[in-house]
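In: here is the input, now give the coordinates:
(chains A and B)
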Amino acid sequence: MTAMNRTPQKPADWLLNAWLDPATFPALPPEEQEIILRLARRLDVLGALRARLEQAGVLHRLSGRIQDFLEGGWMIAKARERSVRWEINRIQRAFYGTGLPVILLKGAAYIMLDLPLARGRVMADVDILLPEADLPLAEQRLNRHGWFTALQDPYDQHYYRQWMHELPPMIHQQRQTELDIHHAILPRSARLHPDSARLLAAVQPIPGMTGIWTLAPMDMILHAMTQLFHDHHFLKGGLRELLDLDALLRHYGQTDPFWQQLIVRADELDLIRPLSYGVRFLHRFCQTPMPEFMLSSTHQDAPGWLARSIMNRLLPLALLPGHPDRLDKEPLQNLARWLLYVRSHWLRMPPHLLIGHLTRKWVKKWHFNVWNRRPV
Amino acid sequence: MRIADLAIQELTRRLQSTGIVWRIGPFLVRLRVFSPDFARHFSLLYGAYPLEPEPIDEIIDFHIELVRGSGLRRWLKPPIFFRMDGPAPFAPFPLDHALPLFEWGFNYYIATWANQYLMLHAAVVARGERALLLPGIPGSGKSTLCAALVAQGEWRLLSDEFALIRPATGEILPLPRAIALKNASIGVIRALDGSIVLGPEFSKTRKGTVAHMQPPLTSIQAVDQVAWPTWVVCPQFQPDAAMQFTPMAKEQGFLRLSSNAFNFELQGARGFQAVNRITRSCPMHHLRFGQLTEAVELLTDWSSS
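Out: Residues are numbered from 1 along each chain as shown, chains lettered A, B, ... in the order given. Here you go, the predicted structure:
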């Protein structure tokens, strides 16, 4: 509110508290409410925050101006949801008669499963999973129905096809929507190797719909953890991903056997490391309810104390936003993000590949800056 | 206290420290600007607005900062950057173009986030509570016509850019900002009436030369008074053309209102219903004009009958 008290304690904590306990929001002082709303808008969780306030029965107690502010984000989420439902319908149409399954990942799956966390959640694109052998057919059908590859550069094409876990992103020429087609949940070149055949063998149909599938709940959770802890794309919206995971685990993880099976499944999929980080950070930031053994049991593949203590310091810095007036201006946070970016690349491919890839990227970037920069 | 009551030096100092809080239509804005000329330009155009007394016990919608860069370029060709809770996703402007950067950036963030409203791309003026919508693509002359209408005195300004409609009720909320005039329009408006106040001319912007017209005092005083869609006129300026004022088919009028809007599709069904209500209830006309004063006279007479 007043620019004078600009050094308040922990804006991210305020956001987390309001998120986890929305009923407390109406009684907060306006300056805290304002910071929470600004951060929620910046992190693209404004619509979801509104859904949580409504769920808690306190939305109507807020001032008209705050309700308007929240509605601004809510409408975006509603529009994206409509768009995603339509995209799924169009993908089904493109695959019609081929026997190709439509297996939804992440946000599209949350929406079609009607999970509580899908309410007001903003999503950018649709991600689907296919057996690798089906990719050429899928690509051909999608081309025929108006999707085209978004990357024209031959190196980018080669990079995706050779090393990544997905095809180069496709864009629909009329609707300009993005579709990512995965054959795995981590790059071919990555350190961890979750077996796609196991994921595909466990997919589940969405009740009441034909031909649309999602990963099994545990695999959905492990996939989200893997993206958060092993992929740099998710660093920027990292807090949002963490909040997704919290909601997923509160939804599915209501019994002890679920958690025991989650460990078994993570072991099968070579995803003990992301699970280990995931449960620790969820426990720490979101107080996600979970049985004691999730935090105490150690596994031979779990990260050692050094890796853990480094991550313990870096992750909060990178994930938790600071004061909205100073976003992207805090050197310590920027350093933490950079280090995690380097880490994610390290996990993504072996050193010789990494050096070649980054050199090419930098040369391209430098070339762009120096020669192609347009006057302002 | 009004913004113009602050000495330029004091306004500059405040803009560069804690910022000022400005209530413009339904929005509260905190504005911090690190540019030497901005205070003078802002005070000229928006001086009649009250300065919100602090502390404020409401939430502020937009925390806008215009800050100077730190790189080497600041010595050669200094840029100024727009920030709103972190960096804005568009390129900086030259330092002496702080005012156009502010106007453009503020529009960008309203258009992106104020989806509690249906936002049609139209100039809106009103006589009392009855609003005239002037939807038009850039180059149609809607801003110029809007400026001439409000300069004439019968009409108050709601906006030269946004028809801000509350979907539940259909009312239009005033957002009386400075009117952005481009290129030849600047001279045309200046020649209309000696009492019109224009800000400085900014040359070599993306849209050529731009100057801003001060919103009339009466429009600012009526900022809390909503207006209701009453007439729709699609202007088309054509140099030296004879004036032509013809009824427009409703289906065409619907498309004129919706196809060029900021968030018509995003609003879903309620956006469709709101535009449908306007289409059904308002007479819709196409206006081709070559002489601005003739067009103003015609619209004023027509709306009186």
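
In: quick one, what contacts residue 133?
Out: With no chain named, the answer covers chain A. With contacts defined as CB atoms under 8 Å, 6 or more residues apart in numbering or on different chains, A:A133 is in contact with no residue. From N, CA and C alone the C-beta is placed, and that goes for glycine too.

In: actually chain B
Out: Contact criterion CB under 8 Å, 6+ apart gives B:120, B:122-124, B:163, B:172, B:229, B:231-233, B:257, B:278, B:282 as the residues in contact with B:L133.

In: doesn't it lie inside a strand?
Out: Yes. With DSSP: H, G, I helix; E, B strand; the rest coil as the criterion, B:L133 is part of a strand.

In: where's it relative to A:W346, distance?
Out: Taking CB to CB, to the nearest Å as the measure, B:L133 and A:W346 are separated by 57 Å.

In: try B:A227
Out: In this structure, B:A227 and A:W346 are separated by 60 Å, where distance is defined by CB to CB.

In: who's more crowded, the two?
Out: For B:A227 against A:W346, the residue with the higher neighbour count under other CB atoms under 10 Å in any protein chain shown is B:A227, and the figures read 23 against 12.

In: can you list the residues of chain B near chain A?
Out: Taking CB under 8 Å from any CB of the partner chain as the test, the list of chain B residues beside chain A reads B:17-19, B:26, B:28, B:30, B:32, B:54-61, B:63, B:65, B:77, B:79, B:85-87, B:91-94, B:113-116, B:263, B:265-268.

In: give me the buried subset of the residues you listed.
Out: Buried positions within these, assessed by neighbour count (16 or more other CB atoms under 10 Å in any protein chain shown), are B:19, B:26, B:28, B:30, B:32, B:56, B:58-61, B:63, B:65, B:79, B:85, B:92-94, B:113-116, B:263, B:266-267.

In: A:N334: neighbouring residues, count only.
Out: So A:N334, with other CB under 10 Å, has 13 neighbours.

In: for A:W74, same thing?
Out: Other residues near A:W74 number 23, with proximity taken as other CB under 10 Å.

In: quick one: the strand or helix carrying it near chain B?
Out: Assessed by DSSP states H and E, A:W74 sits inside helix A:64-95. Yes. With CB under 8 Å from any CB as the measure, helix A:64-95 is seen reaching chain B through A:65-66, A:68-69, A:71-76, A:78-79, A:82.

In: now pLDDT too, for the residues you listed, in a markdown table please.
Out: Shown next, in a markdown table, are the residues of helix A:64-95 next to chain B (pLDDT from 0 to 100):
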| residue | pLDDT |
| --- | --- |
| A:R65 | 96 |
| A:I66 | 98 |
| A:D68 | 97 |
| A:F69 | 98 |
| A:E71 | 98 |
| A:G72 | 97 |
| A:G73 | 97 |
| A:W74 | 98 |
| A:M75 | 98 |
| A:I76 | 97 |
| A:K78 | 96 |
| A:A79 | 96 |
| A:R82 | 95 |
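
In: show me which of the residues you listed is closest to B:L149.
Out: B:L149 lies nearest to A:D68 out of the residues of helix A:64-95 next to chain B, by CB to CB, at 28.9 Å.

In: by proximity to chain B, which residue of the stretch 251-376 of chain A wins?
Out: Closest residue of the stretch 251-376 of chain A to chain B, CB to the nearest CB: A:L327 (3.7 Å).

In: next, the contact list for that residue, please.
Out: Taking CB under 8 Å, 6+ apart as the definition of contact, the neighbours of A:L327 are A:42, A:321, B:85-86.

In: give me the contacts around stretch A:158-168.
Out: With CB under 8 Å, 6+ apart as the test, stretch A:158-168 has contacts from A:127, A:135, A:139, A:149-151, A:156-157, A:180-190, A:349, A:353, A:357.

In: pull out the buried residues from that stretch.
Out: If you call a residue buried by 16+ other CB under 10 Å, then stretch A:158-168 has these buried ones: A:159-160, A:164-168.
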